[in-house]
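Enquirer: predicted model follows, preceded by the sequence.
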Amino acid sequence: MILGAFSGGIGGALVFLAISAALTGLYVLATGRRSWAFLPAKRKAGAVALTVAFALFIAGGLAMPRSATADLQAASSEGTASPASAEASATATATPTPSSAPTVQETGAPLDPESPSLLAQGASVAAPKSQPAFATKAVDLLATLPSKGRAPKTGYDRALFGQAWADVDRNGCDTRNDTLKRDLTGIKYTNSVPCKVRSGTLADPYTGTTINFLRGTATSSAVQIDHVVALSDAWQKGAQQLTTEQRTAFANDPLNLQSTDGPTNMQKGDGDAATWLPPNKGFRCEYVARQISVKATYSLWVTQAEHDAMARILADCSGQLAPTNEKAPVAAAPSPEPAPVVAPAPAVVAPAPAAVAPAPAVVVPVPAPAAPAPVAPAPAPAPVVPAPVPAAPAAAYYANCAAAKLAGAAPLYAGSAGYRPALDRDSDGVACES
């Protein structure tokens, strides 16, 4: 009891007293003999002692200081911790956090990014870097990605990427429904609020087929939301070094999400470009370019086999741009040049007529030479104003023709922003014309 009082105050003393009473009660209950505490030699007395010990243990636990309770719990569970939990604990301890924003582990806040406590403590749901600059070619961006070996999958858990389908943009709808609204056409909602998608039609870019979506226990899985860069693949290629907030942003980034055929998504699993590509070959360039943009934004690396597979795909479409939300730079309007100043032409002075001497007889007047006609000044040349340089077309991505029409960009012509063969069903160079 004295030792307990020193280590845990009154609570510690009560805990040690409870342990002593429990041992005494067990002895009397098992043997039916008197104990050192002079309890009656009856098993009933042993049961009473055990009850008292249990009450003392509860009272001691409540009275014990919080830090001492934590130390006691840690000591009691040391010998029962499983290898998996110890390994996960070591991984969490060793994982660096490059961001200065508090992480979930630091604040003790829940994984839900909607939690007021998480937002109140200054945590942000944002990527570690901005997206690639406008008009960056995917093949050039690929050259900037580090090539390394795949890290172990040890410690991976979906919860490490935040709450599944969180409302990170705080628009009242979760990420899954936001993605369905972006990718489907003919959408109907479960109520008057345009949030939860009840049905719609998907022009699946992965398979090149049309899929009817209907919300329901047995039907919703027909259309799934694919992480273009799989979460597990990201975990093995750098995401372990991200904060929980950055991983949450990664898992909910629209650039990294695509509605697609359910069985096809299941077939992909956590494959990268070296092990899986969309069956629709016409979409592979754009698919690989999106993977490259996502990995560059979240400081992830690629394996050598993955790099080579991406390079092979982009060899057939070297002009493919890396998708980005960055806007095209606005070209400054050229300042008009001042009109050149034309010096006035000098005035023409007519020569004075020559004096005629009088003749002694008949005077024949000599006509004065005609004055030359004045020369009209040459017209001033018109100032040359250079034609304005048209702004480069912005890189745009439309999941389907409905999205292009909604943005007011349809029809799309070959070579213009947003045009891609997947939207040009009749391959005439004009997409979304009807």
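Expert: Yep, it's here. Numbers count the residues shown, from 1 in each chain.

Enquirer: make it CA atoms for all contacts and neighbour counts henceforth
Expert: Will do.

Enquirer: where does pLDDT dip in the stretch 251-400 of the chain?
Expert: Where the stretch 251-400 of the chain drops to pLDDT under 70, the residues are 326-395.

Enquirer: how about 50 then?
Expert: By pLDDT under 50, the low-scoring segments of the stretch 251-400 of the chain are 389-394.

Enquirer: where along it do the strands fall?
Expert: Counting by DSSP state E, counting those that start in this stretch, the stretch 251-400 of the chain has strands at residues 257-261.

Enquirer: can you show me the helices along it?
Expert: Using DSSP state H, counting those that start in this stretch, the helices assigned to the stretch 251-400 of the chain run over residues 262-268, 284-297, 304-314.

Enquirer: could those helices be laid out in JSON lines, adding distance to residue 229 and mean neighbour count?
Expert: What follows is those, written out as JSON lines (distance: least, C-alpha to C-alpha, whole Å; neighbours: other C-alpha atoms under 10 Å):
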{"stretch": "helix 262-268", "distance to residue 229": "11", "mean neighbour count": "15"}
{"stretch": "helix 284-297", "distance to residue 229": "6", "mean neighbour count": "23"}
{"stretch": "helix 304-314", "distance to residue 229": "12", "mean neighbour count": "18"}
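
Enquirer: do you know which of those helices lies nearest residue 252?
Expert: With distances scored as C-alpha to C-alpha, the stretch of those nearest to residue 252 is helix 284-297 (11.6 Å).

Enquirer: now do the end-to-end distance for stretch 240-256.
Expert: End-to-end distance of stretch 240-256 (C-alpha to C-alpha, to the nearest Å): 18 Å.

Enquirer: returning to what we had before: would you mind giving the helices of the stretch 251-400 of the chain as JSON lines with distance to residue 276 added?
Expert: Below are these laid out as JSON lines (distance: least, C-alpha to C-alpha, whole Å):
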{"stretch": "helix 262-268", "distance to residue 276": "6"}
{"stretch": "helix 284-297", "distance to residue 276": "10"}
{"stretch": "helix 304-314", "distance to residue 276": "10"}
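
Enquirer: break this protein into its domains for me.
Expert: Listed domain ranges for the chain are 2-74, 138-314, 401-431 (source: automatic domain parsing).

Enquirer: ranking these by mean pLDDT, which is last?
Expert: In terms of mean pLDDT, the lowest-scoring of the domains of the chain is domain 2-74 (a mean of 64).

Enquirer: turn the domains of the chain into CSV, including distance to residue 323.
Expert: CSV is the format used below for the domains of the chain (distance: least, C-alpha to C-alpha, whole Å):
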stretch, distance to residue 323
domain 2-74, 49
domain 138-314, 6
domain 401-431, 10
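
Enquirer: which one of the helices of the stretch 251-400 of the chain lies nearest to residue 418?
Expert: Using C-alpha to C-alpha as the criterion, the shortest distance between residue 418 and the helices of the stretch 251-400 of the chain is 11.1 Å, found for helix 284-297.

Enquirer: hey, C-alpha coordinates of that closest one in CSV?
Expert: What follows is the C-alpha trace of helix 284-297 in CSV, where atoms were taken according to Å, rounded to 0.1, in the frame of the first residue of the first chain:
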residue,chain,number,x,y,z
ARG,A,284,-4.9,4.9,-72.1
CYS,A,285,-3.0,8.1,-73.0
GLU,A,286,-5.3,10.2,-70.8
TYR,A,287,-5.3,7.5,-68.1
VAL,A,288,-1.5,7.4,-67.8
ALA,A,289,-1.3,11.2,-68.0
ARG,A,290,-3.7,11.5,-65.0
GLN,A,291,-1.6,9.0,-63.0
ILE,A,292,1.5,11.1,-63.7
SER,A,293,-0.2,14.4,-62.7
VAL,A,294,-1.5,12.8,-59.4
LYS,A,295,1.9,11.3,-58.5
ALA,A,296,3.6,14.6,-59.2
THR,A,297,1.1,16.5,-57.1
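
Enquirer: helix, strand, or coil at residue 201?
Expert: The local conformation at residue 201, judged by DSSP: H, G, I helix; E, B strand; the rest coil, is strand.

Enquirer: and it, how close does it get to residue 267?
Expert: With the distance defined as C-alpha to C-alpha, residue 201 ends up 22 Å from residue 267.

Enquirer: alpha carbons only: can I get whichever strand or helix holds residue 140 in PDB?
Expert: When elements are defined using DSSP states H and E, residue 140 is found to belong to helix 138-142. These are the backbone C-alpha positions of helix 138-142, laid out as PDB (Å, rounded to 0.1, in the frame of the first residue of the first chain):
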ATOM      1  CA  ALA A 138       2.900  14.300 -69.700                       C
ATOM      2  CA  VAL A 139       6.100  12.800 -71.100                       C
ATOM      3  CA  ASP A 140       8.100  15.800 -69.700                       C
ATOM      4  CA  LEU A 141       6.400  15.500 -66.300                       C
ATOM      5  CA  LEU A 142       7.100  11.800 -66.200                       C
END
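
Enquirer: ok, and the closest non-adjacent residue to residue 55?
Expert: By the measure of C-alpha to C-alpha, 6 or more residues apart in numbering, the closest residue to residue 55 outside its immediate chain neighbours is residue 18, 7.8 Å from it.

Enquirer: equivalent analysis for residue 175, please.
Expert: In space, residue 175 is closest to residue 165, 4.9 Å off (C-alpha to C-alpha, 6+ apart).

Enquirer: hmm, the one you found is touching residue 173, no?
Expert: No. Counting by C-alpha atoms under 8 Å, residue 165 stays clear of residue 173, with 9.3 Å between them.
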